[in-house]
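**Student:** Here is my input, please return the structure:
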Amino acid sequence: MKNGTVKMILALVAIAVVAVGGGSLYAQRNYKETVVLGPGVTRVTMLSEYFDGIKGTAADTKVFILEGDEPGGGVLMFGGAHACEPSGIVAAVVAIESMDVTKGKVVVIPHINRSASTTTQASGGFPLYYNIETNFGPRKFRMGDRNTSAVDQWPDPEIQFHYPTGQSQSYVEARNANRCFPGNANGNLTEQACYAVMQLVEKEGLDIVIDMHEAELFYPVTNCIVAPDKSMNIASFALLSAPFEIVTFRSPQLARGFSHREIGDPVTGDPDAYPFLFEAPEPFLDQPTGPKTEKLLLDGKDEFLGKLGDLGLLFCPYDPEEGKSIDLRVGRHFTTATLIIEEWSYTYEDKQISFTAPSFEEIMANGLKNYFLDPAAAGAQIEEM
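**Tutor:** Below is the predicted model of the structure:
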């Protein structure tokens, strides 16, 4: 066989491999997730309503508003700052489909960094999608990445400087939504998305901001709420009623860009807002585990991580037979948010927020599947994200 023919065959094989792999990534980037509007949803809009600089970009994302008949306080719940941490995203969807607000206002954003949800960590062996079982069949979600997609924001700087403090950060933090608060109207796409969130908090007059994350069990800041001093009393009293183990961490004063550090800051943020960041323990994110499969993502069972637990090297209790399921992680987020809101309403009677929502015990007893609505039901109102 001539050299030219061999080269041609190799070139065609390479093109075929790229086409197959690229096709899968293209399909994932453009896949639309489904959310069914629950009885409490009164309005759906886009984040660009609050800052039109992101309109038509990959940073623009759906905003769901649940408003009661009586005036009261307001809360923003969002997931997806790190789109590889799915329980915050799923908890936000459960809130949209099951929560009913009677007093005050609840604003929910499943994908605060939508661009990050349109790519995945292929080099880490992450799946492209994950499926949550419901009573009406599986609900499919994109498996995202920690940072804004390089397709939407590139190149990275050699050094990232936090706005407006000028604190130097690693270059990769330029695409990390939880290092870019309070945002910058004239900054990169991630900074503009964070700026839009700050505008939403101000324009909607919100009192509480809840940022839902997941963290490795091998990482000290896990299984916790992170909050600044102004929010700590609310967090501490709320956790007295928690039906699971959870701790609090004080927001570091010297590290900038975190939602919990900037959103309620009297200089860089909104002095009237009280921020909280939740970290649910997520075995999938730990490095010393088996393959990064959809099964591990959903049931959180891993024998290698169990061995680290036996050696006392993990920062929260872990039984590999029980795992840390998506039901558990979503239930923790949802119930911790409920406890924070209830404690806020007890403390600030003139800004109460009243609602009905499933409890942790109900989610664990009945399964997460019971708190999704049927997208095929007659009269169902569907939104795509």
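**Student:** Could I get the full set of strands for the stretch 201-350 of the chain?
**Tutor:** Listed in chain order, the strands of the stretch 201-350 of the chain (DSSP state E, counting those that start in this stretch) span 208-215, 224-227, 247-250, 274-281.
**Student:** Give me the contact list for stretch 107-114.
**Tutor:** Contacting residues not belonging to stretch 107-114 are listed as 33, 35, 47, 58-66, 74-83, 89, 92-93, 95-96, 117, 147-148, 177, 190, 193, 197, 200, 204, 206, 211, 385 [CB atoms under 8 Å, 6 or more residues apart in numbering]. Where you see a C-beta, it was placed from the backbone N, CA and C, and this is true even at glycine.
**Student:** hey, C-alpha coordinates of it in PDB?
**Tutor:** Output in PDB follows, covering the C-alpha atoms of stretch 107-114 (Å, rounded to 0.1, in the frame of the first residue of the first chain):
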ATOM      1  CA  VAL A 107     -36.900  33.600  43.100                       C
ATOM      2  CA  VAL A 108     -35.300  30.400  41.700                       C
ATOM      3  CA  ILE A 109     -32.500  30.000  39.100                       C
ATOM      4  CA  PRO A 110     -31.400  26.400  38.400                       C
ATOM      5  CA  HIS A 111     -28.400  27.400  36.200                       C
ATOM      6  CA  ILE A 112     -26.800  30.500  37.500                       C
ATOM      7  CA  ASN A 113     -23.800  29.800  35.100                       C
ATOM      8  CA  ARG A 114     -25.700  28.300  32.200                       C
END
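**Student:** Go through the strands of the stretch 201-350 of the chain and name the closest to Pro266.
**Tutor:** Of all those, it is strand 274-281 that lies closest to Pro266, at 12.3 Å by CB to CB.
**Student:** Would you give the sheet partners of that closest one, along with the direction of each?
**Tutor:** Sheet pairing of strand 274-281 (DSSP bridges) gives strand 208-215 (parallel), strand 224-227 (antiparallel).
**Student:** Please produce a markdown table containing those strands, extended by mean pLDDT and mean neighbour count.
**Tutor:** As requested, the strands paired with strand 274-281 are exported to a markdown table (pLDDT from 0 to 100; neighbours: other CB atoms under 10 Å):
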| stretch | mean pLDDT | mean neighbour count |
| --- | --- | --- |
| strand 208-215 | 98 | 26 |
| strand 224-227 | 98 | 25 |
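**Student:** Now those strands in JSON lines, please, with extra columns for distance to Pro358.
**Tutor:** Below are those laid out as JSON lines (distance: least, CB to CB, whole Å):
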{"stretch": "strand 208-215", "distance to Pro358": "16"}
{"stretch": "strand 224-227", "distance to Pro358": "20"}
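**Student:** would you turn the strands of the stretch 201-350 of the chain into TSV with distance to Ala357?
**Tutor:** Shown next, in TSV, are the strands of the stretch 201-350 of the chain (distance: least, CB to CB, whole Å):
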stretch	distance to Ala357
strand 208-215	13
strand 224-227	18
strand 247-250	22
strand 274-281	15
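**Student:** Out of the ones you listed, which is closest to Tyr130?
**Tutor:** Comparing the strands of the stretch 201-350 of the chain by their distance to Tyr130 (CB to CB), the top pick is strand 208-215, with 12.8 Å.
**Student:** How far off centre is the closest one?
**Tutor:** When distances are taken as CA atoms, centre = their mean, to the nearest Å, strand 208-215 is centred 7 Å away from the chain's centroid.
**Student:** do the same with stretch 353-362
**Tutor:** The chain centre lies 20 Å from the centre of stretch 353-362; the measure is CA atoms, centre = their mean.
**Student:** Also stretch 270-278?
**Tutor:** Using CA atoms, centre = their mean, the mean C-alpha position of stretch 270-278 is found 16 Å from that of the whole chain.
**Student:** buried stuff in it?
**Tutor:** Asp270, Ala273, Tyr274, Pro275, Phe276, Leu277, Phe278 (16 or more other CB atoms under 10 Å).
**Student:** Quote the end-to-end distance of it.
**Tutor:** One end of stretch 270-278 sits 20 Å from the other (CA to CA, to the nearest Å).
**Student:** how many neighbours does Met143 have?
**Tutor:** Neighbour count of Met143, defined by other CB atoms under 10 Å: 21.
**Student:** tell me which helix or strand of this structure sits lowest on mean pLDDT?
**Tutor:** Every helix and strand of the chain was ranked by mean pLDDT, DSSP states H and E. The lowest is helix 3-30, at a mean of 70.
**Student:** Break down this structure into its helices, ranges please.
**Tutor:** Secondary structure of the chain (DSSP state H): helices at 3-30, 86-98, 189-203, 229-239, 259-262, 294-299, 303-310, 326-347, 360-366.
**Student:** Buried residues, the last one. List them.
**Tutor:** This points to helix 360-366. Residues of helix 360-366 classed as buried: Phe360, Ile363, Met364 (neighbour count, 16+ other CB under 10 Å).
**Student:** Can you lay out the residues you listed as JSON lines showing pLDDT?
**Tutor:** JSON lines is the format used below for these (pLDDT from 0 to 100):
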{"residue": "Phe360", "pLDDT": "95"}
{"residue": "Ile363", "pLDDT": "97"}
{"residue": "Met364", "pLDDT": "96"}
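**Student:** Let me know the closest of those to Tyr130.
**Tutor:** Closest to Tyr130 out of those is Ile363 (17.7 Å), distances taken as CB to CB.
**Student:** and the closest residue to that closest one other than its chain neighbours, what does it touch?
**Tutor:** Counting by CB to CB, 6 or more residues apart in numbering, Gly331 is the residue found nearest to Ile363 once chain neighbours are left out, at 3.8 Å. Each residue near Gly331 by CB under 8 Å, 6+ apart is listed here: Phe360, Ile363, Met364, Leu368.
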